[in-house]
Structure formats: C-alpha cells, structure tokens
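Asker: sequence unknown, structure follows:
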C-alpha cells in the first residue's frame, strides 16, 4: 500500500510534492500502522479513502496550479513584483476581469467595421442583381467513388506524414540548439 | 482571502488547531475524535485544506522543537483565529434560528 501511495503522490504537481510529499507520506505511515490493527474491513475502507482522496487532491492541485500560474504571469507582467498568493481563485479571477479595460476607441472602431461590412454586403447584392445570369447549367454532381480501403490508406498516409513532419521540426529544433535559448538571459554575465 | 462559510473538514481542522498547534497526524486524530468518528479525513483532503489555509494566511507552519524527528506543525494565525470566531458565531446564530423554527413547527403541529 505504501508503494501505491508513493506512486499516487507522483500524480501531484512537483511543487506541491516538494512541499508536502514527505509529510503526507509520514502521516500516511502513522495512520496505516494504526489502521492495520483494526481488521480487514477497516483496512479496505482506509485504502479506498486514501486512494480516492489522493486522486481527487491531485486533480484539484493541478487545476489550482494551472489557474495559479496563469494569474501569476498576469500579476507579474502587470506589476513587475514578486507574486503573492492571496485570495481564492474565484476572487482573483474577478480581480483580473475588473482590471482589464478595452481602449476607448474600441466601440467606435467596431461600429465602423460593422457599418463597412453592411455596406459591402449591400453593394455585393446590387452587383449580383445587375449582372445577367450567363452561367451555364451545371449538371448533377456525381459523388466520388471511394472504397473503404483506399480511404483508410489515405488517412494513415496523412497521419504518418503529419507525424514525420512534427518529428522533423522537433529534430531540427534540437539540432539547431534553439531550445537552449529559452533559458538564455541577455542581462546575465557569462561565467569567467 | 478565503470567504466564510468554510467547509466542514476545514472548520474541524481550524477547531483542532484552535486548542494547540498540531502536526498532520495529530490533526487527523483530533478531527476524528471531535466528530465522534463521523468525519475521518484522508491525507489528501487534509493537506489540500492545509495548503489552502496556509496560502490564505489562516495558519502557519513551523518545525516542532520537541522530539527527534523535527516534524512540521501547524498553528492558527491571528487572522485565522478571528475568522474561526466569526464562523463559530455565524453557526451559533444559525443553530439558534433553526431551534426556534423547529419549536414553532412543533407547536403548530400540536395545535
């Protein structure tokens, strides 16, 4: 059970594991030692409760980490300060929304664009009405004859080509060393 | 900050820490004892709640000086204690209202 617990702990975000992982494991050990004296039913319930709790907790923490990192980035770019963790996700989301402002020119600009679209549609209708119907009659269109095998073959070929293309891009990036530039800080002095 | 009201596990954790600082396993045991075995927290729930309470500044963490293992323990902050008091007052009021309503319903039933 301890190894299963260790494995499930790995489902948590790295930062959370780093902060609470060892402590959770120690508490689990103590709880397990006590529960193991109580009998099979208690053991079963204990295991089910812990597994369910860990799965639910990992999901919640990942969601929190995703929401937190987005808000963290927004907070950093807005204030250029060390991020502080205060407030529930709901409130922080509300704060972000309240601080966002469209430029003042947005409404007139959007109204102008809408008016231009309407004018363009009307103009197109007028041109269409003024032109004589000289297009020849097009006969019934016959559906293309695809067999199942050839369709599958095409799908597989396209998938393989897309995979190869993706792999080639990744390979090229690795070869060019572009991935190393993400850690590059221009203001940092090179080591002597 | 976390808004009131709090969930039952969180309330029990806060009540457990109101008496004295405790480490994780001690909180688990105390919550079980306080709720007459009705609430048994698992470690995932406990540490999820502790993480949020730490983040909101309702509790803080320190290393226990007693014992050889140097376990992490948790205690209420003044803000946490104040919020716990508010929550208990709210629940007390709610219980009183509920009691009065039930008395009135019983009287109407008898009449």
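Answerer: Sure, I can see it. Since the model is a prediction, treat every value here as computed from it, not as a measurement.
Asker: Sketch out the low-pLDDT regions of chain A for me.
Answerer: Low-confidence segments of chain A (pLDDT under 70): A:68-103, A:133-137, A:139, A:143-146, A:174-192.
Asker: got the buried residues for the longest helix along chain B?
Answerer: Ranked by number of residues, the top helix in chain B under DSSP state H is helix B:78-110. Across helix B:78-110, burial judged by 16 or more other CB atoms under 10 Å in any protein chain shown covers B:80, B:81, B:83, B:84, B:87. Yep, even glycine has a C-beta here, placed from its N, CA and C like the rest.
Asker: Chain neighbours aside, what residue packs nearest to the first one?
Answerer: By the measure of CB to CB, 6 or more residues apart in numbering or on different chains, the closest residue to residue B:80 outside its immediate chain neighbours is residue B:58, 3.4 Å from it.
Asker: Just send the buried residues of helix B:78-110 back as TSV, with distance to residue A:109 and pLDDT too.
Answerer: Output for those, formatted as TSV (distance: CB to CB, whole Å; pLDDT from 0 to 100):
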residue	distance to residue A:109	pLDDT
B:80	49	92
B:81	53	94
B:83	47	92
B:84	52	93
B:87	49	92
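Asker: for those, which one is nearest residue A:131?
Answerer: residue B:83 (74.2 Å; CB to CB).
Asker: could you point out the longest helix in chain A?
Answerer: helix A:40-79.
Asker: Any part of that helix near chain B?
Answerer: Yes - using CB under 8 Å from any CB of the partner chain, helix A:40-79 reaches chain B at A:49, A:50, A:52, A:53, A:54, A:55, A:56, A:57, A:58, A:60, A:61.
Asker: Could I get the contacting residues of the closest residue to the second one other than its chain neighbours?
Answerer: Which is residue A:50. Nearest residue to residue A:50, sequence neighbours excluded (CB to CB, 6+ apart): residue B:42, at 5.0 Å. Contacts of residue B:42 were listed using CB atoms under 8 Å, 6 or more residues apart in numbering or on different chains, and they are A:49, A:50, A:52, A:53, A:54.
Asker: which residues does the fourth one contact?
Answerer: Taking CB under 8 Å, 6+ apart as the definition of contact, the neighbours of residue A:53 are B:42, B:43, B:44, B:45.
Asker: My read is that the second one contacts residue A:30, right?
Answerer: No - in this structure, residue B:43 is not within contact of residue A:30 by CB atoms under 8 Å, at 9.9 Å.
Asker: And the two? Which one has more around it.
Answerer: residue B:43 (26 against 16; other CB atoms under 10 Å in any protein chain shown).
Asker: Phi and psi next, for that one.
Answerer: Dihedral pair for residue B:43: phi -60, psi -30, per degrees, to the nearest 10.
Asker: Report pLDDT for it.
Answerer: Reported pLDDT at residue B:43 in the predicted model: 92.
Asker: Just the buried residues of stretch B:36-56, please?
Answerer: Within stretch B:36-56, the residues that count as buried by 16+ other CB under 10 Å are B:40-56.
Asker: Which residues does stretch A:115-134 contact?
Answerer: Residues contacting stretch A:115-134 (CB under 8 Å, 6+ apart): none.
Asker: Residue A:26: neighbour count?
Answerer: Neighbour count of residue A:26, defined by other CB under 10 Å: 17.
Asker: Confirm that it sits in a strand.
Answerer: No - read with DSSP: H, G, I helix; E, B strand; the rest coil, residue A:26 is helix and lies in no strand.
Asker: What are the buried residues along stretch B:15-35?
Answerer: For stretch B:15-35, burial by neighbour count (16+ other CB under 10 Å) applies to B:15-17, B:21-32.
Asker: Would you mind confirming that residue A:9 is in contact with residue A:17?
Answerer: Yes - if you go by CB under 8 Å, residue A:9 and residue A:17 touch, sitting 6.1 Å apart.
Asker: just to revisit the earlier point, go through the buried residues of stretch B:36-56 and flag which are in strands.
Answerer: Within the buried residues of stretch B:36-56, no residue falls in strands by DSSP state E.
Asker: Can you pull the residues of chain B lying near chain A?
Answerer: So far as CB under 8 Å from any CB goes, chain B lies against chain A at B:1-3, B:23-25, B:28, B:40, B:42-48, B:50-51, B:55-57, B:71-72.
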